[in-house]
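**Student:** quick one, fold the following:
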Amino acid sequence: MTTPHDVLLPEGWAPAIGYSNGIAAKPGKLVFLAGQVGWTAQQVFESEDIVPQFRQALQNVVDVLAEAGGKPEHICRMTAFCCDKPAYMAGRREMGKIWKEVMGSHFPAMSMIFVVDLLDNPGKIELEATAVVPE
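**Tutor:** Take a look at the predicted model:
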C-alpha cells in the first residue's frame, strides 16, 4: 500500500512518540476538518469525562473525513485543544489505546494546546485536522 504522505524525520533525530514531527503530503484532495468535540451526531455529550469525550471527538473526525472519501491514514495534521490538563495527563494511557483502535498506527503531525475553556460545554477536548485524500 502506498501512503498518501512521507513522514519527515531529520537525520540524527530520535523518532517522535505518538506523533510525527512533520508530514510531506503527496498530491490529492485537501480536506480541512473543523474542531470536533466529544458529542454525538445529535450534539449531545454522553459523558463529562475526558476519555470518552476523546473517543467520540476522534471518531467524529474520522466520520467527517469519510464524507470526503478519506481514511484515518490520510490525516496529515491534527491539533488538540484541551481545557483539563490534569485529566488529560491521567487519561493518556487509555487515550493511547483509543487512538490505536480508531487511527491504527498512523501518527500525523500533531500539537496539543491547553486552553482555559471550550465553546461547547461540558467539552474537555476538541480535535481539528487537515487531511490529503489521494485522488
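**Student:** what segments of this structure are helices?
**Tutor:** 50-66, 85-103 (DSSP state H).
**Student:** and the gap between the nearest residue to residue 124 once chain neighbours are set aside and residue 87?
**Tutor:** Using CB to CB, 6 or more residues apart in numbering and skipping the chain neighbours, the partner closest in space to residue 124 is residue 50 (4.3 Å). (Glycine included, C-beta is placed from N, CA and C.) Between residue 50 and residue 87 the distance, using CB to CB, to the nearest Å, works out to 4 Å.
**Student:** settle it for me: which of those two has more neighbours?
**Tutor:** With neighbours defined as other CB atoms under 10 Å, residue 50 and residue 87 compare such that residue 50 has more, 25 against 18.
**Student:** is that one in contact with residue 94, as I believe?
**Tutor:** No - contact criterion CB atoms under 8 Å: residue 50 and residue 94 do not qualify, at 9.4 Å.
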